[in-house]
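A.B. asks: Have a look at this prediction, sequence included:
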Amino acid sequence: MSATTLRLQGDTSYDVVVGHHLTDRLPALLGDGVVRVAVIHPTAMADRARALRHALDAAGFAAHGIEVPDGETAKTARVAEFCWSVLGQAGFTRSDAVVTLGGGSATDLGGFVAATWLRGVEVVHVPTTLLGMVDAAVGGKTGINTDEGKNLVGSFHHPAGVLCDLSTLETLPRNELVSGMAEVVKCGFIADPEILSIVERSPATAMRVGSEEQRELVERAIQVKLDVVAGDFKETGGAAGHPGREALNYGHTLGHAIERAESYRYRHGAAISIGMVFVAELARLAGRLDDVTAARHADLLSAVGLPTSYDGAPWGDLLASMRLDKKSRGDLLRFVVLEGVARPVVLEGPSTDLLEQAFAAVRPRTPR
Ligand SMILES: NC(=O)c1ccc[n+]([C@@H]2O[C@H](COP(=O)([O-])OP(=O)(O)OC[C@H]3O[C@@H](n4cnc5c(N)ncnc54)[C@H](O)[C@@H]3O)[C@@H](O)[C@H]2O)c1
Ligand SMILES: O=C(O)C(=O)C[C@@H](O)[C@H](O)[C@H](O)COP(=O)(O)O
Ligand SMILES: [Zn+2]
(Lines give C-alpha, C1' and ligand atoms only; values in the text may rest on other atoms or scores of the structure.)
(Ligands and ions follow the chains in the order given, each with its own letter.)
Protein backbone atom coordinates (compact mmCIF):
# COMPACT_ATOMS: atom_id res chain seq x y z
CA MET A 1 0.00 0.00 0.00
CA SER A 2 1.28 3.47 -0.84
CA ALA A 3 2.55 5.92 1.72
CA THR A 4 0.54 8.89 3.01
CA THR A 5 2.21 12.25 3.40
CA LEU A 6 0.85 14.59 6.08
CA ARG A 7 2.30 18.06 6.30
CA LEU A 8 2.94 20.65 8.98
CA GLN A 9 1.67 23.88 7.46
CA GLY A 10 2.91 26.91 9.33
CA ASP A 11 5.90 29.28 9.41
CA THR A 12 7.93 26.09 8.99
CA SER A 13 6.70 23.11 6.99
CA TYR A 14 7.78 19.52 6.91
CA ASP A 15 6.43 16.15 5.86
CA VAL A 16 5.33 13.28 8.08
CA VAL A 17 5.29 10.16 5.92
CA VAL A 18 3.25 7.13 7.05
CA GLY A 19 3.66 3.80 5.28
CA HIS A 20 5.86 0.73 5.06
CA HIS A 21 9.62 0.37 4.47
CA LEU A 22 10.37 4.06 4.04
CA THR A 23 14.18 4.13 4.32
CA ASP A 24 14.57 5.23 0.71
CA ARG A 25 12.66 8.44 1.60
CA LEU A 26 15.30 9.51 4.13
CA PRO A 27 17.86 11.16 1.80
CA ALA A 28 15.22 13.49 0.36
CA LEU A 29 14.19 14.60 3.87
CA LEU A 30 17.81 15.27 4.79
CA GLY A 31 18.27 17.69 1.91
CA ASP A 32 21.24 18.57 -0.26
CA GLY A 33 23.87 20.17 1.98
CA VAL A 34 24.12 17.38 4.58
CA VAL A 35 27.45 15.48 4.70
CA ARG A 36 27.58 13.66 8.06
CA VAL A 37 24.58 11.99 9.69
CA ALA A 38 24.47 10.73 13.30
CA VAL A 39 21.93 7.97 13.87
CA ILE A 40 20.92 8.16 17.55
CA HIS A 41 19.19 4.93 18.60
CA PRO A 42 18.55 2.76 21.68
CA THR A 43 20.28 -0.58 22.14
CA ALA A 44 17.11 -2.43 21.14
CA MET A 45 17.26 -0.82 17.68
CA ALA A 46 20.94 -1.61 17.03
CA ASP A 47 20.31 -3.95 14.07
CA ARG A 48 17.92 -1.56 12.37
CA ALA A 49 20.27 1.34 13.02
CA ARG A 50 23.08 -0.57 11.29
CA ALA A 51 20.88 -1.16 8.25
CA LEU A 52 19.89 2.51 8.22
CA ARG A 53 23.55 3.59 8.39
CA HIS A 54 24.41 1.32 5.46
CA ALA A 55 21.56 2.84 3.45
CA LEU A 56 22.80 6.34 4.30
CA ASP A 57 26.38 5.46 3.36
CA ALA A 58 25.14 4.02 0.07
CA ALA A 59 23.28 7.28 -0.59
CA GLY A 60 26.56 9.23 -0.21
CA PHE A 61 26.35 10.41 3.43
CA ALA A 62 28.95 9.65 6.11
CA ALA A 63 26.83 7.87 8.71
CA HIS A 64 27.80 7.50 12.39
CA GLY A 65 25.93 5.46 14.99
CA ILE A 66 25.29 6.74 18.52
CA GLU A 67 23.87 3.99 20.72
CA VAL A 68 22.02 5.17 23.85
CA PRO A 69 20.25 3.25 26.63
CA ASP A 70 16.76 1.86 26.03
CA GLY A 71 13.74 3.79 27.20
CA GLU A 72 13.51 6.66 29.63
CA THR A 73 17.07 6.16 30.95
CA ALA A 74 18.28 7.79 27.73
CA LYS A 75 16.65 11.10 28.66
CA THR A 76 19.40 12.44 30.93
CA ALA A 77 21.97 15.20 30.75
CA ARG A 78 24.69 12.54 30.99
CA VAL A 79 23.48 10.74 27.86
CA ALA A 80 23.03 14.06 26.02
CA GLU A 81 26.61 14.94 26.94
CA PHE A 82 27.79 11.59 25.57
CA CYS A 83 26.02 12.36 22.26
CA TRP A 84 27.55 15.86 22.11
CA SER A 85 31.02 14.30 22.62
CA VAL A 86 30.51 11.88 19.74
CA LEU A 87 29.31 14.70 17.46
CA GLY A 88 32.34 16.82 18.43
CA GLN A 89 34.81 14.01 17.89
CA ALA A 90 33.27 13.21 14.49
CA GLY A 91 33.47 16.87 13.46
CA PHE A 92 29.76 17.56 13.05
CA THR A 93 29.16 21.05 11.59
CA ARG A 94 25.97 23.04 11.08
CA SER A 95 25.43 21.45 7.67
CA ASP A 96 25.39 17.96 9.21
CA ALA A 97 22.34 16.23 10.67
CA VAL A 98 20.92 13.91 13.31
CA VAL A 99 18.54 11.05 12.60
CA THR A 100 16.71 9.48 15.54
CA LEU A 101 15.55 5.87 15.32
CA GLY A 102 13.47 4.51 18.21
CA GLY A 103 10.60 5.39 20.52
CA GLY A 104 9.71 8.71 22.10
CA SER A 105 12.70 8.50 24.46
CA ALA A 106 15.10 8.41 21.51
CA THR A 107 13.28 11.15 19.58
CA ASP A 108 13.07 13.39 22.69
CA LEU A 109 16.77 12.91 23.50
CA GLY A 110 17.99 13.01 19.89
CA GLY A 111 15.81 16.02 19.12
CA PHE A 112 17.29 17.80 22.14
CA VAL A 113 20.84 16.93 21.07
CA ALA A 114 20.10 18.27 17.58
CA ALA A 115 18.48 21.41 19.00
CA THR A 116 21.51 22.19 21.14
CA TRP A 117 24.50 21.04 19.06
CA LEU A 118 26.01 24.23 17.57
CA ARG A 119 22.70 25.85 18.70
CA GLY A 120 20.72 23.73 16.29
CA VAL A 121 21.28 21.26 13.48
CA GLU A 122 18.78 19.42 11.33
CA VAL A 123 16.99 16.36 12.70
CA VAL A 124 14.83 13.73 11.01
CA HIS A 125 12.85 11.40 13.27
CA VAL A 126 12.22 7.76 12.41
CA PRO A 127 9.89 6.63 15.24
CA THR A 128 9.55 2.89 15.85
CA THR A 129 6.83 2.87 18.54
CA LEU A 130 3.16 3.70 18.16
CA LEU A 131 3.57 6.48 20.71
CA GLY A 132 6.58 7.87 18.85
CA MET A 133 4.66 7.93 15.57
CA VAL A 134 1.45 9.54 16.78
CA ASP A 135 3.04 11.99 19.18
CA ALA A 136 6.68 12.25 20.24
CA ALA A 137 8.32 12.49 16.80
CA VAL A 138 5.88 15.10 15.54
CA GLY A 139 5.70 18.70 16.67
CA GLY A 140 9.24 19.55 17.71
CA LYS A 141 9.04 19.25 21.51
CA THR A 142 12.36 17.81 22.69
CA GLY A 143 13.66 17.21 26.17
CA ILE A 144 15.36 15.34 28.96
CA ASN A 145 14.45 14.71 32.60
CA THR A 146 16.14 15.97 35.76
CA ASP A 147 15.87 14.54 39.29
CA GLU A 148 13.12 17.08 39.95
CA GLY A 149 10.83 15.97 37.16
CA LYS A 150 9.92 14.99 33.65
CA ASN A 151 11.09 16.92 30.55
CA LEU A 152 12.23 19.83 32.69
CA VAL A 153 15.04 20.72 30.26
CA GLY A 154 14.34 20.97 26.58
CA SER A 155 13.74 23.00 23.52
CA PHE A 156 11.26 23.50 20.70
CA HIS A 157 13.04 22.34 17.54
CA HIS A 158 11.14 21.39 14.39
CA PRO A 159 12.28 18.21 12.64
CA ALA A 160 13.08 18.40 8.94
CA GLY A 161 10.78 15.42 8.46
CA VAL A 162 9.33 12.31 10.10
CA LEU A 163 9.18 8.77 8.71
CA CYS A 164 6.61 6.46 10.32
CA ASP A 165 7.29 2.94 9.08
CA LEU A 166 4.31 0.94 10.34
CA SER A 167 6.18 -2.34 9.73
CA THR A 168 8.42 -1.57 12.70
CA LEU A 169 5.40 -2.01 14.99
CA GLU A 170 5.50 -5.75 14.27
CA THR A 171 8.24 -6.24 16.89
CA LEU A 172 6.84 -3.82 19.44
CA PRO A 173 5.91 -5.49 22.75
CA ARG A 174 2.19 -5.48 23.52
CA ASN A 175 2.51 -3.15 26.54
CA GLU A 176 4.22 -0.55 24.35
CA LEU A 177 1.36 -0.71 21.83
CA VAL A 178 -1.09 -0.28 24.69
CA SER A 179 0.89 2.72 25.95
CA GLY A 180 0.76 4.38 22.53
CA MET A 181 -3.02 4.00 22.47
CA ALA A 182 -3.26 6.48 25.36
CA GLU A 183 -1.97 9.31 23.15
CA VAL A 184 -4.27 8.16 20.32
CA VAL A 185 -7.30 8.25 22.63
CA LYS A 186 -6.11 11.63 23.98
CA CYS A 187 -6.26 13.02 20.43
CA GLY A 188 -9.80 11.67 20.14
CA PHE A 189 -10.95 13.41 23.31
CA ILE A 190 -9.30 16.76 22.63
CA ALA A 191 -10.02 17.07 18.90
CA ASP A 192 -11.21 14.13 16.79
CA PRO A 193 -14.30 12.19 17.99
CA GLU A 194 -13.99 9.74 15.07
CA ILE A 195 -10.89 8.35 16.78
CA LEU A 196 -13.04 7.45 19.79
CA SER A 197 -15.66 5.78 17.58
CA ILE A 198 -13.06 3.67 15.77
CA VAL A 199 -11.60 2.42 19.05
CA GLU A 200 -15.02 1.78 20.58
CA ARG A 201 -16.21 -0.18 17.54
CA SER A 202 -13.45 -2.75 18.00
CA PRO A 203 -10.56 -2.11 20.37
CA ALA A 204 -8.85 -5.32 19.19
CA THR A 205 -8.97 -4.34 15.51
CA ALA A 206 -7.87 -0.80 16.33
CA MET A 207 -4.75 -2.21 17.95
CA ARG A 208 -3.96 -4.99 15.48
CA VAL A 209 -0.65 -4.26 13.78
CA GLY A 210 -1.28 -4.00 10.06
CA SER A 211 -5.02 -3.30 10.31
CA GLU A 212 -6.57 -0.51 8.26
CA GLU A 213 -8.05 0.85 11.47
CA GLN A 214 -4.64 1.11 13.10
CA ARG A 215 -3.30 3.03 10.15
CA GLU A 216 -6.29 5.36 10.16
CA LEU A 217 -5.81 6.01 13.88
CA VAL A 218 -2.12 6.78 13.36
CA GLU A 219 -2.89 9.21 10.56
CA ARG A 220 -5.77 10.88 12.42
CA ALA A 221 -3.73 11.32 15.62
CA ILE A 222 -0.79 12.79 13.66
CA GLN A 223 -3.20 15.18 11.92
CA VAL A 224 -4.55 16.35 15.29
CA LYS A 225 -1.03 17.01 16.47
CA LEU A 226 -0.01 18.82 13.28
CA ASP A 227 -3.10 21.04 13.40
CA VAL A 228 -2.52 22.02 17.03
CA VAL A 229 1.23 22.59 16.60
CA ALA A 230 0.75 24.66 13.43
CA GLY A 231 -1.34 27.12 15.45
CA ASP A 232 0.84 27.32 18.57
CA PHE A 233 4.32 25.83 18.12
CA LYS A 234 5.84 27.24 21.33
CA GLU A 235 2.79 26.67 23.54
CA THR A 236 2.10 30.37 24.08
CA GLY A 237 -1.68 29.97 23.74
CA GLY A 238 -4.42 29.36 21.23
CA ALA A 239 -7.09 31.52 19.70
CA ALA A 240 -10.50 32.35 21.21
CA GLY A 241 -10.39 30.40 24.47
CA HIS A 242 -8.69 27.30 22.96
CA PRO A 243 -5.72 26.21 25.09
CA GLY A 244 -3.54 25.93 21.97
CA ARG A 245 -0.70 23.45 22.28
CA GLU A 246 -1.45 22.91 25.96
CA ALA A 247 -4.41 20.81 24.79
CA LEU A 248 -1.88 18.09 23.83
CA ASN A 249 -0.97 17.98 27.52
CA TYR A 250 -4.40 16.55 28.42
CA GLY A 251 -3.89 14.06 31.28
CA HIS A 252 -0.19 14.86 31.58
CA THR A 253 -0.22 16.99 34.76
CA LEU A 254 -0.91 14.02 37.03
CA GLY A 255 0.54 11.58 34.47
CA HIS A 256 4.04 13.07 34.64
CA ALA A 257 3.88 13.19 38.44
CA ILE A 258 3.04 9.46 38.49
CA GLU A 259 5.91 8.66 36.11
CA ARG A 260 8.35 10.47 38.38
CA ALA A 261 6.91 8.90 41.56
CA GLU A 262 7.32 5.47 39.94
CA SER A 263 10.91 6.22 38.85
CA TYR A 264 9.77 5.94 35.20
CA ARG A 265 8.88 2.25 35.53
CA TYR A 266 5.32 3.13 34.44
CA ARG A 267 4.91 3.49 30.69
CA HIS A 268 4.18 7.08 29.68
CA GLY A 269 0.83 6.08 28.18
CA ALA A 270 -0.20 4.18 31.32
CA ALA A 271 0.51 7.21 33.49
CA ILE A 272 -1.36 9.66 31.28
CA SER A 273 -4.27 7.25 31.02
CA ILE A 274 -4.72 7.59 34.79
CA GLY A 275 -4.12 11.34 34.38
CA MET A 276 -6.96 11.59 31.83
CA VAL A 277 -9.42 9.75 34.08
CA PHE A 278 -8.40 12.14 36.87
CA VAL A 279 -8.94 15.34 34.83
CA ALA A 280 -12.20 14.03 33.42
CA GLU A 281 -13.44 13.64 36.99
CA LEU A 282 -12.00 17.04 37.92
CA ALA A 283 -13.93 18.63 35.05
CA ARG A 284 -17.09 16.78 36.06
CA LEU A 285 -16.79 17.88 39.68
CA ALA A 286 -16.09 21.44 38.56
CA GLY A 287 -19.37 21.37 36.61
CA ARG A 288 -17.64 21.59 33.24
CA LEU A 289 -18.12 18.06 31.88
CA ASP A 290 -21.18 15.83 31.67
CA ASP A 291 -21.28 12.47 33.48
CA VAL A 292 -21.46 10.38 30.29
CA THR A 293 -18.36 11.91 28.68
CA ALA A 294 -16.46 11.66 31.96
CA ALA A 295 -17.32 7.95 32.30
CA ARG A 296 -16.41 7.36 28.64
CA HIS A 297 -12.76 7.99 29.52
CA ALA A 298 -12.31 4.99 31.83
CA ASP A 299 -14.45 2.78 29.57
CA LEU A 300 -12.38 3.52 26.47
CA LEU A 301 -8.99 3.47 28.12
CA SER A 302 -9.65 0.18 29.91
CA ALA A 303 -10.97 -1.31 26.67
CA VAL A 304 -7.49 -0.98 25.15
CA GLY A 305 -5.78 -2.36 28.26
CA LEU A 306 -4.75 0.88 29.95
CA PRO A 307 -4.92 1.44 33.72
CA THR A 308 -7.54 3.82 35.09
CA SER A 309 -6.61 3.74 38.76
CA TYR A 310 -3.46 4.20 40.81
CA ASP A 311 -2.55 3.06 44.30
CA GLY A 312 1.08 4.15 44.48
CA ALA A 313 2.55 7.39 45.78
CA PRO A 314 0.66 9.54 48.30
CA TRP A 315 -1.41 12.45 46.98
CA GLY A 316 0.88 15.04 48.66
CA ASP A 317 3.94 13.81 46.75
CA LEU A 318 2.08 13.90 43.44
CA LEU A 319 0.73 17.37 44.15
CA ALA A 320 4.26 18.63 44.87
CA SER A 321 5.48 17.23 41.53
CA MET A 322 2.54 18.75 39.67
CA ARG A 323 3.59 22.21 40.83
CA LEU A 324 6.62 21.99 38.49
CA ASP A 325 4.40 21.17 35.50
CA LYS A 326 5.09 23.49 32.56
CA LYS A 327 1.52 24.73 32.54
CA SER A 328 1.90 26.09 36.11
CA ARG A 329 2.32 29.83 36.55
CA GLY A 330 3.93 30.74 39.87
CA ASP A 331 1.83 29.07 42.54
CA LEU A 332 -1.12 28.59 40.17
CA LEU A 333 -1.84 25.04 39.06
CA ARG A 334 -3.45 24.82 35.62
CA PHE A 335 -5.14 21.76 34.06
CA VAL A 336 -6.41 21.05 30.58
CA VAL A 337 -10.00 19.83 31.00
CA LEU A 338 -12.86 19.19 28.61
CA GLU A 339 -16.21 20.92 28.37
CA GLY A 340 -17.22 18.16 25.96
CA VAL A 341 -15.50 15.96 23.37
CA ALA A 342 -13.17 18.15 21.26
CA ARG A 343 -13.79 21.14 23.55
CA PRO A 344 -10.60 21.54 25.63
CA VAL A 345 -10.22 24.50 27.99
CA VAL A 346 -7.83 25.39 30.81
CA LEU A 347 -9.04 25.13 34.40
CA GLU A 348 -6.96 27.41 36.62
CA GLY A 349 -6.38 27.02 40.33
CA PRO A 350 -8.97 24.40 41.32
CA SER A 351 -9.34 24.11 45.10
CA THR A 352 -7.33 21.54 47.01
CA ASP A 353 -10.62 19.90 48.03
CA LEU A 354 -11.74 19.49 44.43
CA LEU A 355 -8.36 18.08 43.43
CA GLU A 356 -8.44 15.55 46.26
CA GLN A 357 -12.00 14.50 45.39
CA ALA A 358 -10.98 13.96 41.77
CA PHE A 359 -7.94 11.99 42.89
CA ALA A 360 -10.20 9.74 44.95
CA ALA A 361 -11.76 8.64 41.65
CA VAL A 362 -8.45 7.11 40.53
CA ARG A 363 -7.73 5.36 43.83
CA PRO A 364 -8.73 1.68 43.49
CA ARG A 365 -12.05 0.97 45.19
CA THR A 366 -10.95 -2.29 46.80
CA PRO A 367 -7.61 -2.59 48.56
CA ARG A 368 -5.11 -4.99 46.97
N1 LIG B 1 8.06 15.19 22.53
C2 LIG B 1 6.80 14.87 22.57
O3 LIG B 1 5.93 15.56 22.03
C4 LIG B 1 6.40 13.61 23.28
C5 LIG B 1 5.10 13.13 23.12
C6 LIG B 1 4.73 11.96 23.77
C7 LIG B 1 5.66 11.27 24.53
N8 LIG B 1 6.92 11.76 24.65
C9 LIG B 1 7.92 11.00 25.41
O10 LIG B 1 8.14 9.75 24.76
C11 LIG B 1 8.66 8.82 25.72
C12 LIG B 1 7.95 7.50 25.60
O13 LIG B 1 8.17 7.01 24.31
P14 LIG B 1 7.77 5.52 23.92
O15 LIG B 1 6.49 5.18 24.52
O16 LIG B 1 7.95 5.43 22.47
O17 LIG B 1 8.81 4.64 24.71
P18 LIG B 1 10.37 4.39 24.58
O19 LIG B 1 11.01 5.30 23.62
O20 LIG B 1 10.87 4.42 25.97
O21 LIG B 1 10.42 2.94 23.98
C22 LIG B 1 9.92 1.86 24.71
C23 LIG B 1 10.77 0.61 24.55
O24 LIG B 1 10.51 0.01 23.29
C25 LIG B 1 11.74 -0.27 22.58
N26 LIG B 1 11.40 -0.20 21.17
C27 LIG B 1 11.25 0.90 20.40
N28 LIG B 1 10.82 0.56 19.19
C29 LIG B 1 10.70 -0.79 19.17
C30 LIG B 1 10.28 -1.74 18.18
N31 LIG B 1 9.85 -1.35 17.00
N32 LIG B 1 10.31 -3.04 18.50
C33 LIG B 1 10.70 -3.45 19.74
N34 LIG B 1 11.09 -2.59 20.72
C35 LIG B 1 11.08 -1.29 20.43
C36 LIG B 1 12.66 0.81 23.12
O37 LIG B 1 14.00 0.51 22.93
C38 LIG B 1 12.26 0.88 24.58
O39 LIG B 1 12.88 -0.14 25.32
C40 LIG B 1 8.46 9.45 27.08
O41 LIG B 1 9.69 9.93 27.55
C42 LIG B 1 7.52 10.60 26.80
O43 LIG B 1 7.69 11.65 27.72
C44 LIG B 1 7.30 12.89 24.03
O1 LIG C 1 3.47 18.00 22.07
C2 LIG C 1 3.00 18.44 23.11
O3 LIG C 1 2.88 19.66 23.31
C4 LIG C 1 2.57 17.55 24.20
O5 LIG C 1 2.26 17.98 25.29
C6 LIG C 1 2.53 16.08 23.88
C7 LIG C 1 2.66 15.18 25.08
O8 LIG C 1 2.02 13.96 24.72
C9 LIG C 1 4.10 14.82 25.43
O10 LIG C 1 4.12 13.82 26.40
C11 LIG C 1 5.01 15.95 25.80
O12 LIG C 1 6.34 15.53 25.86
C13 LIG C 1 4.68 16.58 27.13
O14 LIG C 1 5.32 17.79 27.20
P15 LIG C 1 5.63 18.59 28.52
O16 LIG C 1 5.76 19.99 28.02
O17 LIG C 1 4.49 18.44 29.46
O18 LIG C 1 6.87 18.05 29.07
ZN1 LIG D 1 2.49 12.42 26.16
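C.D. replies: Ah, there it is. Ligands and ions are numbered 1, 2, ... in the order given.
A.B. asks: what are the ranges of the strands in the chain?
C.D. replies: Taking DSSP state E, the strands of the chain run over residues 4-8, 14-19, 36-42, 62-68, 97-102, 122-127, 141-146, 149-156, 161-165, 334-338, 344-348.
A.B. asks: Is it possible to get a markdown table of those that adds distance to residue 177?
C.D. replies: For every residue, glycine as well, the C-beta is placed using N, CA and C. Shown next, in a markdown table, are these (distance: least, Cβ to Cβ, whole Å):
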| stretch | distance to residue 177 |
| --- | --- |
| strand 4-8 | 20 |
| strand 14-19 | 16 |
| strand 36-42 | 17 |
| strand 62-68 | 22 |
| strand 97-102 | 15 |
| strand 122-127 | 13 |
| strand 141-146 | 22 |
| strand 149-156 | 22 |
| strand 161-165 | 14 |
| strand 334-338 | 25 |
| strand 344-348 | 25 |
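A.B. asks: Just send these back as a markdown table, with mean pLDDT and distance to residue 327 too.
C.D. replies: Putting those into a markdown table (pLDDT from 0 to 100; distance: least, Cβ to Cβ, whole Å) gives the following:
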| stretch | mean pLDDT | distance to residue 327 |
| --- | --- | --- |
| strand 4-8 | 98 | 23 |
| strand 14-19 | 98 | 25 |
| strand 36-42 | 98 | 29 |
| strand 62-68 | 98 | 29 |
| strand 97-102 | 98 | 26 |
| strand 122-127 | 98 | 25 |
| strand 141-146 | 98 | 13 |
| strand 149-156 | 97 | 12 |
| strand 161-165 | 98 | 25 |
| strand 334-338 | 98 | 4 |
| strand 344-348 | 97 | 8 |
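A.B. asks: Which one, of these, ends up nearest to residue 191?
C.D. replies: When those are compared by Cβ to Cβ, strand 344-348 sits nearest residue 191, at 7.8 Å.
A.B. asks: Packing partners of the closest one?
C.D. replies: strand 334-338 (3 or more Cβ pairs under 8 Å, 6 or more residues apart in numbering; DSSP states H and E).
A.B. asks: and the strand it packs on, which strands flank it?
C.D. replies: In the sheet, strand 334-338 lines up against strand 344-348 (antiparallel) (DSSP bridges).
A.B. asks: Could you check the angle the longest helix along the chain makes with strand 161-165?
C.D. replies: Criterion DSSP state H: the longest helix present in the chain is helix 212-231. Inter-element angle recorded for helix 212-231 and strand 161-165: 170 degrees (by axes from the mean of the first three to the mean of the last three Cα atoms, to 10 degrees).
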